[in-house]
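Asker: Requesting a structural model of the entry that follows:
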Amino acid sequence: MTVVAASRAPRVHPPSRSQRPGVVLGLRYERRLKKELEKSFKNKDLKVEYNPWFFYRLDDGNTGACCPDILLHDNELGIIWVLEVKYTWVPEAIEKLIDLYCPVVELALSQITEPLVVVKRLTPDAPTPKLGLLTPSNVKLFQWPEIGPIVL
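Answerer: This next block holds a predicted model:
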């Protein structure tokens with residue numbers, strides 16, 4: 001399926017209140033990453049947007065709503081980094097970014113997007129992560145172990 005239309009949406013669902021340990025760890029990591037990004041980009045031409053909602057329509061007529069974890073608006077380069085944040089690497093994360101989130105954000109905001117999965121923990125099947133969050137690379141994975149500042 002191909003995304004053919006997209007627009008901003010008001011918050012569709014309230015934030016998760018799940019008490020499942022994996023969900024709690026993941027959401028805590030996501031919030032800490034957001035705070036660290038805001039601190040890292042304080043004096044740069046980058047804006048951090050947390051959990052924005054979008055409506056979209058597919059080429060088969062089906063519609064839906066989605067919420068990427070974090071958008072990094074890079075005004076200097078004129079692109080938006082679309083971040084999927086995971087506590088532990090899962091291959092489905094990059095697929096979700098490429099197949100849904102990036103096309104939706106590009107159509108809704110009329111800007112080029114770059115997908116990036118950010119994880120705390122790697123698994124043996126994970127690709128080698130890039131060394132800097134915004135370092136140009138074909139690799140779409142960055143690891144931030146919550147130790148020290150984010151390497152840009």
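
Asker: before we move on, what SS does Ala65 have?
Answerer: strand (DSSP: H, G, I helix; E, B strand; the rest coil).

Asker: Might one say that it is in contact with Pro52?
Answerer: No: judged on Cβ atoms under 8 Å, Ala65 makes no contact with Pro52 at a distance of 11.1 Å. Where C-beta positions appear, they are placed from N, C-alpha and C, glycine not excepted.

Asker: Looking at these two, which is more packed in?
Answerer: More crowded of Ala65 and Pro52, by other Cβ atoms under 10 Å: Pro52, with 17 against 14.

Asker: Check which element follows the longest helix seen in the chain along the chain.
Answerer: Identified as the longest helix of the chain according to DSSP state H is helix 21-40. The helix or strand immediately downstream of helix 21-40 is strand 46-50, counting by DSSP states H and E.

Asker: Give the buried residues for that following strand.
Answerer: 46, 48, 50 (16 or more other Cβ atoms under 10 Å).

Asker: which residues touch stretch 138-152?
Answerer: Outside of stretch 138-152, the residues within contact range by Cβ atoms under 8 Å, 6 or more residues apart in numbering are 29, 32-33, 36-37, 39-40, 89, 94, 97, 115-122, 126-135.

Asker: got any ranges where this structure has weak pLDDT?
Answerer: For the chain, the stretches flagged by pLDDT under 70 are 15-19, 21.

Asker: Would you map the helices across it?
Answerer: Using DSSP H, helices in the chain cover 21-40, 92-96, 102-109.

Asker: most packed of those helices?
Answerer: helix 102-109 (a mean of 20; mean count of other Cβ atoms under 10 Å).

Asker: Only alpha carbons, please: show that one as PDB.
Answerer: The C-alpha coordinates for helix 102-109 follow below in PDB (Å, rounded to 0.1, in the frame of the first residue of the first chain):
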ATOM      1  CA  CYS A 102       8.200   8.900   6.600                       C
ATOM      2  CA  PRO A 103       5.700   9.000   3.700                       C
ATOM      3  CA  VAL A 104       3.000  10.400   6.000                       C
ATOM      4  CA  VAL A 105       5.300  13.100   7.500                       C
ATOM      5  CA  GLU A 106       6.600  14.000   4.000                       C
ATOM      6  CA  LEU A 107       3.100  14.500   2.600                       C
ATOM      7  CA  ALA A 108       1.700  16.300   5.600                       C
ATOM      8  CA  LEU A 109       4.600  18.700   6.100                       C
END
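
Asker: That'll do, ta.
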